[in-house]
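Participant: Dropping a prediction and its sequence here:
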Amino acid sequence: MPDLRTNTGGIQSPNPFWLASAPPANSGLQVQRAFEAGWGGAVWKTLGVTIQNVSSRFGAHTIRGVKGAGFTNIELITDRTLEINLREIAETKRLFPKNPIIVSLMVETEEDWREIIKKSIDAGADGLELNFGCPHGMCERGMGSAVGQEPTLNERITSWAVRYSTVPVLVKLTPNVSDIIPHGLAAKRGGAHGVSLINTIKSIIAVDIDRFVLEPRVALLSTNGGYCGAAVKPIALHMVASLAREKRFGLPISGIGGICNWRDAVEFMLLGASTVQVCTEVMLRGYGVVEDMIDGLEEYMRTHNFSTIDQLVGKAIPSFSEWGNLDLNYETVAKINADTCIGCQLCVQACHDGAHQCIHPEEGTRVPRIDESECVGCNLCEIVCPVPSCIEMVQVNNSHAPASWNDFVTDGKKLRPKKGVH
């Protein structure tokens, strides 16, 4: 049986699946139900000065009939009092001593940080997560992404938290920056034990085209919100991997952003995350989604001969390189499996209108013909094909030695003539 136990910056967990700091971790009863369902840990919804939220506050993006493929919120931190939250943290910790509770925090002054950190730890927090990512409402008050976008502030406030904390401190980074590395390094300079990322992306989810008002609508106004859900996963993967491969960084990572199933979780782990946090999928489908995540991860580890989570973490990082290092002489072409092709011709349309005009309908058969002399191996046909594995990209032995753009610039290595150029 694979060992799913994890250690992220000193926070130990029975498995790598945590609730992210969000509505599913807003109360003691919720977190307790989550732990009963199998979640390894929970990041409590952000504590701070009590605020008042608006109504309505959620919005969703539908992509080709999939509701909630992208999700947004204009909700702020908890609107429940600090005293109630601390009491419920203590009760939940008493009932579930083996499941880590990480308390998310967001306040202003050094004295505020000192006081709320002490209260959180006294209540039983196993770790702290500094919310430097909220892209709406709180940043206008000098908190959230207003801190996360300024490395100097990030480092300073992180150092305050580390000074006053007796438990590990994670810094939650905002994706609303051009380069995540300076912000991860700032957290490290401040003494953080690890980071979590990504927080939500500043966005407008939709416009009501009859009322001419942004969504989600609050009377006749709205504002930008925080974008999350399945659609943000590629952005989150890039930022996690960018920090994981940065030699100057070297801190543990808790990955967040579009994790819907065990496969998503494995991708984050292979790119450097030792734990993963989930919000939107729980909001859409409930705490029970963790059962499939755990089962899928265990089966993946068995079939790939991984006995511990640490063996997965960062395993794909060596494959993450710069474009200039890619082999320009590596060549693939598309191959269609005639036995499984259903003749939908979607690959023909996509290739002719969006790629290199190398797939053609063939008279007398449902199976299109591929002109391999013109195929550049772009993958578009494989992407649009509705039949799994019907189209595959197959490597061609073209007798050209490997050569990258950097090789060409520095050594003058020969690049093969390009196909598909008319």
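Facilitator: Received it, and whenever you're ready, just let me know what you need.
Participant: what residues go with each domain of this protein?
Facilitator: 6-319, 323-411 (automatic domain parsing).
Participant: now the residue nearest to the spatial centre of the chain, nearest residue through space, not along the chain?
Facilitator: Nearest to the mean C-alpha position of the chain, by C-alpha atoms, centre = their mean, lies G257 at 2.6 Å. Nearest residue to G257, sequence neighbours excluded (C-beta to C-beta, 6 or more residues apart in numbering): A236, at 2.6 Å. Bear in mind the C-beta positions are built from the backbone N, C-alpha and C, glycine included.
Participant: how far out from the middle of the chain is whatever helix or strand that neighbour lives in?
Facilitator: Using DSSP states H and E, A236 falls within helix 233-244. Mean-position distance between helix 233-244 and its chain equals 7 Å (C-alpha atoms, centre = their mean, to the nearest Å).
Participant: cool, stretch 99-107 as well?
Facilitator: 19 Å.
Participant: hang on, the earlier thing: convert the C-alpha atoms of the following helix or strand past the helix holding A236 to CSV, please.
Facilitator: For helix 233-244, the following helix or strand on the C-terminal side (DSSP H and E) is strand 253-256. In CSV, the C-alpha atoms belonging to strand 253-256 read as follows (Å, rounded to 0.1, in the frame of the first residue of the first chain):
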residue,chain,number,x,y,z
ILE,A,253,5.0,24.0,-2.3
SER,A,254,1.3,23.5,-1.7
GLY,A,255,-0.3,23.6,-5.2
ILE,A,256,-3.7,25.2,-5.9
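Participant: hang on, the earlier thing: helices or strands up against the helix holding A236?
Facilitator: Applying 3 or more C-beta pairs under 8 Å, 6 or more residues apart in numbering; DSSP states H and E, we find helix 233-244 packed against helix 181-189, strand 194-197, strand 253-256, helix 262-270.
Participant: what angle sits between the first one and helix 233-244?
Facilitator: Meaning helix 181-189. 50 degrees (axes from the mean of the first three to the mean of the last three C-alpha atoms, to 10 degrees).
Participant: going forward, begin numbering at 23 instead of 1
Facilitator: All set: I'll call the first residue 23, so the last point we hit is now helix 203-211.
Participant: helices or strands next to helix 203-211 in the packing?
Facilitator: Using 3+ C-beta pairs under 8 Å, 6+ apart: helix 203-211 touches helix 173-186, strand 216-219, helix 255-266.
Participant: Out of those, flag the one nearest R285.
Facilitator: helix 255-266 (10.4 Å; C-beta to C-beta).
Participant: could you give the angle of that closest one to helix 284-292?
Facilitator: Interaxial angle, helix 255-266 versus helix 284-292 (the same axes, to 10 degrees): 20 degrees.
Participant: any residues touching helix 255-266, and which ones?
Facilitator: Contacts with helix 255-266, where a contact means C-beta atoms under 8 Å, 6 or more residues apart in numbering, come from 195, 197, 201-203, 206, 217, 219-220, 223, 271, 273, 275, 277-281, 286, 289-290, 293-295, 336, 338-339, 342.
Participant: which of these are buried?
Facilitator: 195, 197, 202, 206, 217, 219-220, 223, 271, 273, 275, 277-281, 286, 289-290, 293-295, 336, 338 (16 or more other C-beta atoms under 10 Å).
Participant: Quick check: which ranges of the stretch 323-444 of the chain have low pLDDT?
Facilitator: 435-436, 438-444 (pLDDT under 70).
Participant: the helices in it, which residues?
Facilitator: 368-376, 402-406, 427-433 (DSSP state H, counting those that start in this stretch).
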